[in-house]
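Engineer: predicted model and sequence follow; I will ask about them next.
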Amino acid sequence: MRVYPTFFKLAFSWMDAEKAHKIGFQGIRAAHRSGAGRVLARMTAPDASLRTEALGLTFPSPFGLAAGFDKEGHGIEALAELGFGHVEVGTITGQAQPGNEKPRLFRLIEDRAVINRMGFNNDGAAAVAPRLKSARAALQKGRPVVRPIIGVNIGKTKLVELEDATEDYLVSARSLAPAADYLVVNVSSPNTPGLRLLQNVETLRPLLRAVGDAADEAAGRHVPLLVKIAPDLSDEDIDDVAKLALDLKLDGIIATNTTISRDGLTSDAAKVESLGAGGLSGAPLKQRSLEVLRRLKVAVGDQLVLIAVGGVETAQDVQERLNAGATLVQGYTAFLYEGPFWASRINKGLVKIRQREAR
């Protein structure tokens, strides 16, 4: 019997979503500080059969935590103790910023979805960099064979004009790349005005080239570079981004970010409209994200790593994405509904699926 859904209903479902997130994250970090995290890590460690080679790295599991949960690198070790094969931190911007006005995070419980317009609230690259360095060193020391991987997702500071966006991304790349296992350029959040315009191939090409060069120079090694795209791109635009990624020899593409669409929701339409603008994530995004993944796989074959995210809830969802061409899979929204043992359940489910298929 699973206890967390009842706990969520009683403790969190009625509470402001951002406040509930903060309390839950504090609890996860407290478990780590108390030493209980070490016990959790032994219980949740992914089976060795799930180890996955990607981006020149060995991931303990193909399943990881998407950007958005730990925006500032405060809980990387704690989250790794829950069984995630990687933790993607961010989105981090060149300058510290408070994000959009509250309230800015809303649950659609009937749809197992979330609407957010957080606006890249974070402490800025210079403040986050030491946290990444510390967490990476701790993970290397604690798990010398195969440790959870740290990804870093970077975006544009809101106050920076679009014509100055590249230099703003470079501030983050130079600060964060030395401690990152891989780097993601986020040009697909709907919550920073004008950001999605950077997905235009003519604009994206010089941005990605500059970020890649700066990251490698700052780190003194090749830092795998990926771009994260929106599910709202047309099929033609998806093909163009795939071609660009191949031309620039990027390491991968993450598909997809949140959507501005509100199609197919079961929640009351008036309620949804009253919540206002923002990116929708969770179960309603499942089909479109899968479609984008499959289209990218046709376009890039095995030349790039594809990381699938959007509407992932179960081990079967993860395996479906892997079968569709993803090398790695991420989740986030279902974590809020499923609780701290979600990643561990998915890892165990993946092992059972593979054992069943091997018979």
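Structural biologist: That came in fine, so what should we check first?
Engineer: please, where are all the helices along this protein?
Structural biologist: Applying DSSP state H to the chain gives helices spanning 4-7, 17-34, 36-44, 76-80, 125-142, 165-176, 201-219, 235-247, 269-275, 286-300, 315-323, 333-338, 342-358.
Engineer: could you dump those helices to CSV with mean neighbour count, mean pLDDT and distance to Lys158?
Structural biologist: Where C-beta positions appear, they are placed from N, C-alpha and C, glycine not excepted. CSV is the format used below for those (neighbours: other C-beta atoms under 10 Å; pLDDT from 0 to 100; distance: least, C-beta to C-beta, whole Å):
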stretch, mean neighbour count, mean pLDDT, distance to Lys158
helix 4-7, 12, 69, 35
helix 17-34, 15, 89, 18
helix 36-44, 15, 85, 34
helix 76-80, 25, 95, 25
helix 125-142, 17, 94, 14
helix 165-176, 22, 95, 10
helix 201-219, 17, 90, 17
helix 235-247, 17, 88, 23
helix 269-275, 12, 93, 21
helix 286-300, 19, 96, 26
helix 315-323, 19, 97, 32
helix 333-338, 22, 90, 23
helix 342-358, 17, 93, 31
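Engineer: how about those helices, which one is nearest Leu306?
Structural biologist: Closest approach to Leu306 among the helices of the chain (C-beta to C-beta): helix 286-300, 5.6 Å.
Engineer: report the angle between that closest one and helix 235-247.
Structural biologist: 50 degrees (axes from the mean of the first three to the mean of the last three C-alpha atoms, to 10 degrees).
Engineer: i'd like the first residue to be 45 from this point on
Structural biologist: From this message on, residue numbering opens at 45, which makes the last subject helix 330-344.
Engineer: can you list the residues that contact helix 330-344?
Structural biologist: For helix 330-344, the surrounding residues in contact (C-beta atoms under 8 Å, 6 or more residues apart in numbering) are 273, 275, 277, 279, 282-283, 286-287, 289-290, 297, 299-300, 303, 305, 350, 352-357, 361, 364-365, 368-370.
Engineer: if we can go back for a sec, okay, the helices of the chain in CSV with distance to Pro192 next?
Structural biologist: Converted to CSV, those look like this (distance: least, C-beta to C-beta, whole Å):
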stretch, distance to Pro192
helix 48-51, 22
helix 61-78, 13
helix 80-88, 10
helix 120-124, 4
helix 169-186, 6
helix 209-220, 17
helix 245-263, 19
helix 279-291, 25
helix 313-319, 34
helix 330-344, 23
helix 359-367, 16
helix 377-382, 15
helix 386-402, 10
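Engineer: of all the ones you listed, which one is nearest Pro142?
Structural biologist: helix 61-78 (12.7 Å).
Engineer: next, the angle helix 80-88 makes with the closest one.
Structural biologist: In terms of direction (the same axes, to 10 degrees), helix 61-78 departs from helix 80-88 by 90 degrees.
Engineer: out of the helices of the chain, which comes closest to Met162?
Structural biologist: Of the helices of the chain, the one closest to Met162 (C-beta to C-beta) turns out to be helix 61-78, at 8.1 Å.
Engineer: which elements pack onto that closest one?
Structural biologist: Contact partners of helix 61-78 among helices and strands, from 3 or more C-beta pairs under 8 Å, 6 or more residues apart in numbering; DSSP states H and E: helix 120-124, strand 149-152, helix 377-382.
Engineer: try 7 Å this time
Structural biologist: For helix 61-78, the elements it packs on are helix 120-124, strand 149-152, judged by 3 or more C-beta pairs under 7 Å, 6 or more residues apart in numbering; DSSP states H and E.
Engineer: need those in a markdown table (columns: distance to Gly322).
Structural biologist: Shown next, in a markdown table, are these (distance: least, C-beta to C-beta, whole Å):
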| stretch | distance to Gly322 |
| --- | --- |
| helix 120-124 | 24 |
| strand 149-152 | 7 |
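Engineer: pLDDT score for the spatially most central residue of the chain?
Structural biologist: For the chain, the residue nearest the mean C-alpha position is Ala110 (2.0 Å; C-alpha atoms, centre = their mean). In this model, Ala110 is scored at 96, pLDDT.
Engineer: correct me, but it touches Tyr376?
Structural biologist: Yes. Ala110 lies in contact with Tyr376 (C-beta atoms under 7 Å); the separation is 4.1 Å.
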